[in-house]
Structure formats: C-alpha cells, structure tokens
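# How does the following fold in three dimensions:
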Amino acid sequence: MKDKNEKYIGEWWKEENLLNEDNFDPNEFPLLYNLSAAFIYQFIPKPKDNQLPEYVYVNDYCDKKRPTDSKIELKLAIAEWNTMWEAGHLRYDVFWHRLPESLRWLKRFADRNIYLLPDNPNKQYYTYEPLLHLLPFKTRKYSGLPLIKKGRWPFSIDFGWYSNYLPADFNDRLSKAFAFHLWPLLISGSKPSAFSKDDPIKILAHNLDYWLPYAYSFIEKQLETHGRIPIESKEEEKEFKKIKKNVPQEVKVCRPLIGGPIWQGEEEAWNATKEIVEIADRNGKLRNIIDAVKSNRIKDDFSNEWSYAKEDFERRIFKKRSKIKVTFVELHDTPPVHGPYSELHEDLLWEDFLGLLDTKEKRIVVCLRSGITKIGEIGRMLGYANHSPVSKALSKIRKKALKYINQ
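Now for the predicted structure:
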C-alpha cells in the first residue's frame, strides 16, 4: 500500500511541477516566482542604508551524518533567513535567539547582509535556481536540463523530489547552457565554438558564481516594483504605528512586498538576462574585463573555426609586431561568494577565473576582486579557504610582468 501511495504522489508531483512538452507556451515558460514574506511575517524591518549582499554556501546543509531533526532545523532556519531578504543586515537581530548551532557563526557578521546557499556540490539546483529559469525551452531541452515549470526565489525549502529529475552532471550542463544563453550579450557575431575552451571570456561566461549575485540584484529590484501588501485591519494599523515609534531612526518598518512572477515567458526572461549583464557591467566592471581580454588576445584563444573575431585578430597581428601586454582590472566592492571555489590571498577574496585568467607568455590579464569581508573571513571559518596555486601564481605573474615591461 505504501509503494502505491508513493508512486501516486510521485506521479502527481511530476504532473504538477514538470512541463508537459505538448503544453509548452513561450508566454508562460520559463517562470521564476516569489512567495511573499507576508505568509510568514506581518512586518519587515528595512535598513535605510543597507549593506551590499554576500553569498555564503552552508557546507553542512547536505551532510548525511547530521541527524534528521538537526537537518530540518537547519533548513527551516535558512528558509526564514532568506525569506526576510529585505531586512538585509538586520536579519541577525531578528533571528539570533533561534539560530541552530551550525549557524551561530553569523553572530560574528551581524552587520553583514548575507544570503545563505545550500552546498550540494553535485546537484546545485537550489543554488542556481534563478539562472536555470532564465533559460528558454529549446536551450533547456537541448542541454538535457529538467523542464521544471516554476522556480522559486529566494531559496527556502529543499523539496527533495527535484533531485530525482536532475542529471548526475547537472552543474556542468547548467554552466554550459547558461554560457550559451548569454554569449550573444558578451561577444556578438562570433559563436562560442569559435574560441578555445581556455578562452577567458568563455571561462567567465561559464562561471555561475559570478552571475548569481547580479541575478539576485535584478530580482530584488524587480520585486520592489510589485508594491507592498496593504494594511488590512485597524488592529494591524495600530500595531504598525506602535512598532514604528520604537525602532531606531535608521530603520524603516514596512509591510512585506507583494509576491508573484519575477519573470514569466521567454521574452521577459531574455529581458531579465540583458539587465543582469548590464548590472554586471555597472557593478562588476564586466566590460572592462572583456575589453582587457579582447585587446590582449593570442592565437591560442581561437579554435580552428572561422569567425569575425578571429579575422579581426589576424588582421591586427599582421599589421604590427606582437608585444607583451599586461592588463590589471581591479574590481572594488563586488559581491563575494564564499564557497568551495573561493581563494584567499591577503586581503582579497578571489574567484577562480577572476584570480588568474591567463598565464600565457604573450598575454597577462589579472583581475583582482576585493571582497567586502576582510580576508574572506566567512569562507575561512566554514572551511572553504584554501591555499591554491592561484595566489602563488599571482606573485610569479607580477614578477614576469615587471621583467617584460623593463626590457
């Protein structure tokens, strides 16, 4: 009887959550949705001057050795924490008394605006949910990614069933599909296949942790256009006025934002993708990175396939003698993602591709990323800090650059 019930529930879940291809409508799919915080909270404290967000992988979220009750406690705490995203760095003041032991480290960063992400290294659907739900039907189908009807933001509860429909190499498939999706916005006129697998811009396009903060930034701004849940009773209005009198001057008290679709349909998802790239340009100096790479290209950056980019490169290379070029792009106050692929070096938090884009002798492009938290303290505490070859390589590259420049 139990097996029959489980089978029925599984079939029902699949019908409710996975797209039937016969019913595909480009005006409805893809869809990212927000469930209003009003379902949990009556009022939200909102700082008038909020901190830039940081993104932290919770590395014991998927620990199989943790007792079930402890896992549930942790998942519920993360759900509540992320749902009150508007409170920003005030969240610790709200939740400190009921945080589970594994999240008590947040006390040291009570003044930081932190999002908590589940660390599941094999299938990170819930981490990269917004990025997956930007992809149109054809891209998702071609890449073998699940046709989940509706994504939810921010990350709250792991519903479990999704893992049954995720390929074993889900992260890799999503990385490739997302890079293909936004490539026309990075380099127009030349397909990704025209470049080698080690091309720095291809590496950047595939790096989901680079794009995730800018997707979050877009989503936050989009939800602010939804307006707020109105006060619905005299008792509620009385309580609202009472709370407003007792909060510090630098804090506002608001009703939660209205939930609903953040984007729906292929056109809205594509417009959202374009805006995310624009935010990456404004806040992450994306164009500076791309321009630095494009102006310092070498032959090995290209595949055997013809492209306008390759033709332009060859035209320039035959016009003048190739010289050593060194380009440093420094990124200030970009949103750090503290996770297993973060690198720590003195006061800098680096991501893999931003630490060192290329080491070929005829081109040195180094992008330095300044994290908000000094010395990547959060990552170090959670055990993500590692002394990878990247930090050592930077020292060698600097010496090499000085040697070439002084010749």
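
# Which helix or strand in this protein has the lowest average pLDDT?
Ranked by mean pLDDT, DSSP states H and E, the weakest helix or strand in the chain is helix 352-355, scoring a mean of 44.

# List of residues touching stretch 227-243?
With contact meaning CB atoms under 8 Å, 6 or more residues apart in numbering, stretch 227-243 is reached by 36, 38, 42-43, 253-258. Where C-beta positions appear, they are placed from N, C-alpha and C, glycine not excepted.

# which ones among these are found in strands?
253-254 (DSSP state E).

# Which one of the contacts of stretch 227-243 is nearest to Phe170?
Nearest to Phe170 out of the contacts of stretch 227-243 is Ser36 (CB to CB; 28.9 Å).

# Give me the neighbour count for the closest one.
Close neighbours of Ser36, defined as other CB atoms under 10 Å, add up to 18.

# which residues does the closest residue to it other than its chain neighbours contact?
The shortest distance from Ser36 to any residue other than its chain neighbours is 3.4 Å, reached at Gly259 (CB to CB, 6 or more residues apart in numbering). By CB under 8 Å, 6+ apart, the contact set of Gly259 is 33-38, 223, 226.

# From the contacts of stretch 227-243, keep the buried residues only.
Neighbour-count burial (16 or more other CB atoms under 10 Å) applied to the contacts of stretch 227-243 gives 36, 38, 43, 253, 255-257.

# Could you identify the pair within these that is furthest apart?
Greatest spatial distance among the buried ones among the contacts of stretch 227-243 (CB to CB): Ser36 and Val253, at 16.4 Å.

# What segments of the stretch 1-150 of the chain are helices?
Counting by DSSP state H, counting those that start in this stretch, one finds helices in the stretch 1-150 of the chain at the ranges 2-17, 68-83, 91-95, 129-132, 137-143.

# May I see those arranged in JSON lines, with distance to Leu185 and mean neighbour count as well?
Formatted as JSON lines, the helices of the stretch 1-150 of the chain follow (distance: least, CB to CB, whole Å; neighbours: other CB atoms under 10 Å):
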{"stretch": "helix 2-17", "distance to Leu185": "30", "mean neighbour count": "10"}
{"stretch": "helix 68-83", "distance to Leu185": "28", "mean neighbour count": "17"}
{"stretch": "helix 91-95", "distance to Leu185": "33", "mean neighbour count": "17"}
{"stretch": "helix 129-132", "distance to Leu185": "14", "mean neighbour count": "22"}
{"stretch": "helix 137-143", "distance to Leu185": "14", "mean neighbour count": "16"}
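
# Go through the ones you listed and find the least confident stretch.
Note on the helices of the stretch 1-150 of the chain: helix 2-17 shows the lowest mean pLDDT, a mean of 66.

# What average pLDDT does stretch 44-64 get?
Stretch 44-64 carries an average pLDDT of 82.

# If you drop the residues flanking it in sequence, what lies closest to Glu16?
Excluding its sequence neighbours, the residue lying closest to Glu16 (CB to CB, 6+ apart) is Lys149, at 8.0 Å.

# show me what contacts the one you found?
Lys149 sits next to 16-19, 29, 31 when contact means CB under 8 Å, 6+ apart.

# Could you single out the nearest of those residues to Tyr216?
Leu31 (17.4 Å).

# sorry, back to before: with distance to Ile231 added, can I get the buried ones among the contacts of stretch 227-243 in JSON lines?
Shown next, in JSON lines, are the buried ones among the contacts of stretch 227-243 (distance: CB to CB, whole Å):
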{"residue": "Ser36", "distance to Ile231": "14"}
{"residue": "Ala38", "distance to Ile231": "11"}
{"residue": "Phe43", "distance to Ile231": "10"}
{"residue": "Val253", "distance to Ile231": "12"}
{"residue": "Arg255", "distance to Ile231": "6"}
{"residue": "Pro256", "distance to Ile231": "11"}
{"residue": "Leu257", "distance to Ile231": "14"}
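
# just to revisit the earlier point, in CSV, list the contacts of stretch 227-243 along with distance to His133.
Below are the contacts of stretch 227-243 laid out as CSV (distance: CB to CB, whole Å):
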residue, distance to His133
Ser36, 18
Ala38, 23
Gln42, 29
Phe43, 29
Val253, 32
Cys254, 27
Arg255, 27
Pro256, 22
Leu257, 19
Ile258, 20
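
# pretty sure Phe155 is touching Asp119, no?
No. Counting by CB atoms under 8 Å, Phe155 stays clear of Asp119, with 11.6 Å between them.

# Those two: who's more crowded?
With neighbours defined as other CB under 10 Å, Phe155 and Asp119 compare such that Phe155 has more, 22 against 19.

# which residues does that one contact?
Contact analysis of Phe155 by CB under 8 Å, 6+ apart lists 78-79, 82, 115-118, 126-127, 129.

# Now His162: closest residue in space that isn't a chain neighbour?
That one is not His; residue 162 is Tyr. Nearest non-adjacent residue to Tyr162, counting by CB to CB, 6+ apart: Tyr125, 5.5 Å away.

# tell me the contacts of the one you found?
The neighbours of Tyr125, taking CB under 8 Å, 6+ apart as the test, are 132, 146, 162-163, 166, 170.

# do Lys14 as well
Applying CB under 8 Å, 6+ apart to Lys14 gives the contacts Tyr165.

# ditto for the one 5 residues further on
Shown in contact with Leu19 (CB under 8 Å, 6+ apart): 29, 137, 147-149.

# redo that, cut-off 10 Å
When contacts are counted by CB atoms under 10 Å, 6 or more residues apart in numbering, Leu19 touches 25, 28-31, 137, 140-141, 146-150.

# Now it: phi and psi?
phi -70, psi 130 (degrees, to the nearest 10).

# measure it to Phe155 for me?
Distance from Leu19 to Phe155, counting by CB to CB, to the nearest Å: 21 Å.

# Please apply the same query to Ala215.
Ala215 sits 12 Å away from Phe155, going by CB to CB.

# Kindly report the same for Asp209.
Going from Asp209 to Phe155 by CB to CB gives 14 Å.

# if we can go back for a sec, can you lay out the helices of the stretch 1-150 of the chain as JSON lines showing distance to Glu101?
Below are the helices of the stretch 1-150 of the chain laid out as JSON lines (distance: least, CB to CB, whole Å):
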{"stretch": "helix 2-17", "distance to Glu101": "32"}
{"stretch": "helix 68-83", "distance to Glu101": "8"}
{"stretch": "helix 91-95", "distance to Glu101": "14"}
{"stretch": "helix 129-132", "distance to Glu101": "27"}
{"stretch": "helix 137-143", "distance to Glu101": "39"}
